[in-house]
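**Q** 3D model of this:
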Amino acid sequence: MQRQILGESELAVALGTLNNWTIDDAMLKKRLKFENFASSLALVNCVGALAEEADHHPDITFGWGYAEIALTTHDCGGITDVDIALAKRIDEI
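**A** Numbers count the residues shown, from 1 in each chain. The predicted model follows:
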């Protein structure tokens with residue numbers, strides 16, 4: 001993947017392929033709700049494994065009943081194809 005920042009039209013198309021992701025402050029974000037802490041932690045562990053495999057690491061905040069994921073390509077200063085690809089993999093969990 002080339003790691004080039006996506007333009008507005010490219011982002012709009014990409015968002016259409018994702019499940020409940022939003023764009024906020026040059027980051028691709030998703031908030032998930034769970035019934036307990038253990039389920040939140042399980043998702044975070046799965047996302048962590050995917051991130052390691054992709055060598056692309058999101059910012060993750062989680063606690064009892066929720067997990068928030070934020071993706072951006074820091075060295076490019078915005079959302080790239082790498083972020084979209086990881087978001088798609090996260091959606092498959």
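**Q** Now do the helix or strand harbouring residue 70: which elements does it pack against?
**A** Element membership for residue 70 (DSSP states H and E) is strand 66-71. Here strand 66-71 touches strand 27-33, helix 37-54, strand 59-63, helix 81-91, going by 3 or more Cβ pairs under 8 Å, 6 or more residues apart in numbering; DSSP states H and E. The C-beta positions use only the backbone N, C-alpha and C, and glycine is treated the same way.
**Q** So which of these has the densest surroundings on average?
**A** helix 81-91 (a mean of 19; mean count of other Cβ atoms under 10 Å).
**Q** For stretch 4-13, give me every contacting residue.
**A** Residues external to stretch 4-13 that are found in contact with it (Cβ atoms under 8 Å, 6 or more residues apart in numbering): 14, 23, 73, 76-81, 84.
**Q** what separates that stretch from the chain centre, distance-wise?
**A** Mean C-alpha position of stretch 4-13 versus that of the full chain (Cα atoms, centre = their mean, to the nearest Å) differs by 15 Å.
**Q** Export that stretch to PDB, keeping only CA atoms.
**A** Extracted C-alpha coordinates of stretch 4-13, given in PDB (Å, rounded to 0.1, in the frame of the first residue of the first chain):
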ATOM      1  CA  GLN A   4      -1.000   8.500   0.500                       C
ATOM      2  CA  ILE A   5      -3.500  10.700   2.200                       C
ATOM      3  CA  LEU A   6      -7.000  10.100   0.700                       C
ATOM      4  CA  GLY A   7      -8.900  13.100  -0.700                       C
ATOM      5  CA  GLU A   8     -12.500  13.900   0.400                       C
ATOM      6  CA  SER A   9     -14.100  12.000  -2.500                       C
ATOM      7  CA  GLU A  10     -11.900   8.900  -1.800                       C
ATOM      8  CA  LEU A  11     -12.800   9.100   1.900                       C
ATOM      9  CA  ALA A  12     -16.500   9.300   1.000                       C
ATOM     10  CA  VAL A  13     -16.200   6.200  -1.100                       C
END
